[in-house]
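> predicted structure and sequence below. I'll ask about it afterward.
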Amino acid sequence: MDATTDKDPLVQEQIYDALCYLGESEPEEILNSCDEYLRQHDKLAYPHRVIILKAMETVVKNNIALLDKSTAKEVIRDWQQAASNVLVAVGQRFINKVMEEVLTKFQPGILPHYFVMQTFANLSVSNGE
């Protein structure tokens, strides 16, 4: 997974493809490995973190029926937290675009998801003056 930091988009795409391919035969192992890698590399640049998160998303979508409930629950929580962190980081430079996207998740009469609220709060804190 260290190769995700390679600047060559073809290498990045190959890493994504390899994670997805391995995820077809061992989805829980790949999800756990990706999760552990992201935890150990919490300073990983966001573009590189996104490659791993997208691979995790694909593995989950393609293997949802095979996943153990506890694995799915933990991966989804971690994945949502990581995605929220990516939005907050991008929002430090492109606050209007990120806020526009986050605000689309607020629907009249529907309680927003926890991570939408957390992202909204963290955006306001990180961009406070």
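Received the coordinates, thanks.
> quickly find the element holding Tyr37.
Using DSSP states H and E, Tyr37 falls within helix 27-40.
> next SSE after that helix?
Following helix 27-40 in sequence, per DSSP H and E, is helix 46-63.
> buried residues, that next one. List them.
His48, Arg49, Val50, Ile51, Ile52, Leu53, Ala55, Met56, Thr58, Val59, Val60, Asn63 (16 or more other C-beta atoms under 10 Å). All C-beta atoms are positioned from the backbone trio N, CA, C, and that covers glycine.
> using CSV, write out every CA atom in the helix holding Tyr37.
Output of helix 27-40 as CSV, limited to C-alpha atoms (Å, rounded to 0.1, in the frame of the first residue of the first chain):
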residue,chain,number,x,y,z
PRO,A,27,-12.7,-9.1,1.5
GLU,A,28,-12.4,-9.0,5.3
GLU,A,29,-8.6,-9.5,5.2
ILE,A,30,-8.2,-6.6,2.7
LEU,A,31,-10.6,-4.3,4.6
ASN,A,32,-8.8,-5.0,7.9
SER,A,33,-5.4,-4.5,6.2
CYS,A,34,-6.5,-1.2,4.7
ASP,A,35,-8.0,-0.1,8.0
GLU,A,36,-4.8,-0.9,9.9
TYR,A,37,-2.7,0.8,7.2
LEU,A,38,-4.7,4.0,7.5
ARG,A,39,-4.5,3.9,11.3
GLN,A,40,-0.7,3.5,11.2
